[in-house]
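Participant: could you look at this predicted model? Sequence included:
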Amino acid sequence: MPAVINRISLRDSDPTGGLEFRVIFTEPVDISSIDINDFVVVGGSSTTVTSIQPVNADTDRIDVRVSGGDLDSFTGDVGIFLSDAATITTLSDSTNININDLPQAVNFGVVRLVNGAP
């Protein structure tokens, strides 16, 4: 079975500084293969993915920060989704995580904002 994203959840929120989502994979990934273009923002906000940070030495989880745009005043859903052009590879066999392998229920994290606050 190919590696997939196990869960994406909101980890931290500060609409003036952004939202941070924790992404947990089903197996370790090559952190050097991940960049901001591997994720896209979903919902109606004009915010964008601005940084990717590994979580300590754990290579099966990363934090993805979105910020900017209208985030500080936005009302509606904001989340992240794996990009169609994602190039995230696994450590075990160097295969790419494919968007088509992700169960719809776990492939994005969404939070509802009201005037920029969750």
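Facilitator: Perfect, thanks for sending it. What you see is a predicted model; the values in this text were computed from it and never measured.
Participant: need the phi and psi values for S94.
Facilitator: phi 60, psi 30 (degrees, to the nearest 10).
Participant: could you measure from it over to E27?
Facilitator: 12 Å (Cβ to Cβ, to the nearest Å). Heads up, the C-betas are built off the backbone N, CA and C, glycines and all.
Participant: which of these two has more neighbours?
Facilitator: E27 (16 against 9; other Cβ atoms under 10 Å).
Participant: secondary structure class of that one, three-state.
Facilitator: Following DSSP: H, G, I helix; E, B strand; the rest coil, E27 is assigned to coil.
Participant: that one contacts L91, correct?
Facilitator: Yes: here E27 reaches L91: they are 7.4 Å apart, a contact under Cβ atoms under 8 Å.
Participant: so what's G69 closest to, chain neighbours aside?
Facilitator: Sequence neighbours aside, S46 is the residue nearest to G69 in space, at 3.3 Å (criterion: Cβ to Cβ, 6 or more residues apart in numbering).
Participant: show the pLDDT at that neighbour.
Facilitator: pLDDT recorded at S46 is 93.
Participant: and S92, what pLDDT?
Facilitator: 81.
Participant: now the protein, which segments are flagged as low pLDDT?
Facilitator: Counting by pLDDT under 70, the chain shows low-confidence ranges at 1-4, 6, 15-16, 58, 96, 98-109, 116, 118.
Participant: mind listing the helices for it?
Facilitator: Under the criterion DSSP state H, the chain carries no helices.
Participant: now the strands for it?
Facilitator: Counting by DSSP state E, one finds strands in the chain at the ranges 5-14, 18-25, 39-43, 48-55, 58-67, 76-82, 108-113.
Participant: sheet-wise, list the partners of the third one with their directions.
Facilitator: Sheet neighbours of strand 39-43, with direction, are listed as strand 76-82 (antiparallel) (DSSP bridges).
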